[in-house]
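Q: okay, predicted coordinates and the sequence, questions at the end:
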Amino acid sequence: MSAAQPAWYHRFITTIRSRAVYSAAAFAAVCVLVLIGADIRSRPDGNLHIRFLDMEGKNAVLLQTPGGAHILIDGGDMPSRLLTAIGNRLPYHDQQLEMVFATQPDTANIGALPDVLSRYTFGALLTNGQPNLRDTWKSLLTIGGANIQALQMGQRITLSDGVTIEVLHPAFTPELGDSIDASALVLRVNYGDISVLLPGDISNAELSHLAEAGLLAPVTALQVPHPASEHMLDEQIITMLQPQIADRKSTRLNSSHLGIS
């Protein structure tokens, strides 16, 4: 437009320059209205929001509770991608993650968390307590500091807005040499009639043990473990859980009776 100099553009520039104070005031007013609108849209709406973030098959779940708390479970191994995904979903003025869960010391699922925790303030870093010698895990624990807490089966976190997070696994703190998949945190998020099962990358054998122990019940949404053979969900578990929605990771799920997102 500057090169072509259409008549309307010339008139517009002339008006702006001749009324600089009024133009600046009008521009500021528009900016204020945009910020107010963004703030209104980002306020809690009384619903539980569950977002399965696209981290190319790695685990990354972001919860927004009805009261506006933000909870991150794992995060994949691509820091810039995870930071962008979180930034696109949190209010522009919100730099707080109330809780961060690292379900297992697997770099593929928690490699991006050190970068996230160095950018955002967080209330607690929750793990299964399993030690690990990898640099990524050491860095994460260093950033977590005094805010780290290890969880075990039977513990429950209750938020003031009615959301509860139940720990279904592991039954004890795993040792350094234990399988990280067999020891992964399994979480169930409940809010009213809504329930979400987040088994991370737990092995199918351990998930079957939870089913045999009567710890699995029908859920509204299901995070499916990655599609390696030892993680494939068998038909009995799918029938027991009866999820309406599932995060698509496994070809063993029958999309004819599940809503896949």
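A: Sure thing, it's come through. Numbers count the residues shown, from 1 in each chain.
Q: show me what the lengthiest helix in the chain packs onto, helices and strands only.
A: Taking DSSP state H as the assignment, the helix of the chain that covers the most residues is helix 20-42. Counting contacts by 3 or more Cβ pairs under 8 Å, 6 or more residues apart in numbering; DSSP states H and E, helix 20-42 packs against no other helix or strand. All C-beta spots, glycine's among them, are computed from the backbone N, C-alpha and C.
Q: give me the residues contacting it.
A: 15-16, 90-94 (Cβ atoms under 8 Å, 6 or more residues apart in numbering).
Q: which of those residues fall in helices?
A: 15-16.
Q: only whichever of the contacts of helix 20-42 are buried, select them in ChimeraX.
A: In ChimeraX, a selection of the buried entries from those looks like this (16 or more other Cβ atoms under 10 Å):
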select :90,91
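Q: hang on, the earlier thing: average pLDDT for the longest helix of the chain?
A: For helix 20-42, mean pLDDT is 79.
Q: in PDB, list the C-alpha atoms belonging to that helix.
A: What follows is helix 20-42, C-alpha atoms only, in PDB (Å, rounded to 0.1, in the frame of the first residue of the first chain):
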ATOM      1  CA  ALA A  20      -1.700  11.900  16.500                       C
ATOM      2  CA  VAL A  21      -3.100  12.300  20.100                       C
ATOM      3  CA  TYR A  22      -6.600  11.100  19.100                       C
ATOM      4  CA  SER A  23      -5.200   8.300  17.000                       C
ATOM      5  CA  ALA A  24      -3.000   7.100  19.800                       C
ATOM      6  CA  ALA A  25      -5.900   7.200  22.200                       C
ATOM      7  CA  ALA A  26      -8.100   5.200  19.800                       C
ATOM      8  CA  PHE A  27      -5.400   2.600  19.300                       C
ATOM      9  CA  ALA A  28      -4.900   2.300  23.100                       C
ATOM     10  CA  ALA A  29      -8.700   1.900  23.600                       C
ATOM     11  CA  VAL A  30      -8.800  -0.900  21.000                       C
ATOM     12  CA  CYS A  31      -5.900  -2.700  22.800                       C
ATOM     13  CA  VAL A  32      -7.600  -2.400  26.100                       C
ATOM     14  CA  LEU A  33     -10.800  -3.800  24.700                       C
ATOM     15  CA  VAL A  34      -8.900  -6.700  23.200                       C
ATOM     16  CA  LEU A  35      -7.200  -7.500  26.500                       C
ATOM     17  CA  ILE A  36     -10.400  -7.300  28.400                       C
ATOM     18  CA  GLY A  37     -12.100  -9.700  25.900                       C
ATOM     19  CA  ALA A  38      -9.100 -12.100  26.200                       C
ATOM     20  CA  ASP A  39      -9.300 -12.000  30.000                       C
ATOM     21  CA  ILE A  40     -13.100 -12.700  30.000                       C
ATOM     22  CA  ARG A  41     -12.700 -15.600  27.600                       C
ATOM     23  CA  SER A  42      -9.900 -17.100  29.700                       C
END
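Q: from what I can see residue 236 touches residue 212, true?
A: No - taking contacts as Cβ atoms under 8 Å, residue 236 lies outside contact range of residue 212: 10.1 Å.
Q: what segments of this protein are helices?
A: 7-18, 20-42, 79-89, 107-110, 113-119, 135-144, 204-212, 235-241.
Q: by mean pLDDT, show me the worst of those.
A: Looking at the helices of the chain, the lowest mean pLDDT belongs to helix 20-42 (a mean of 79).
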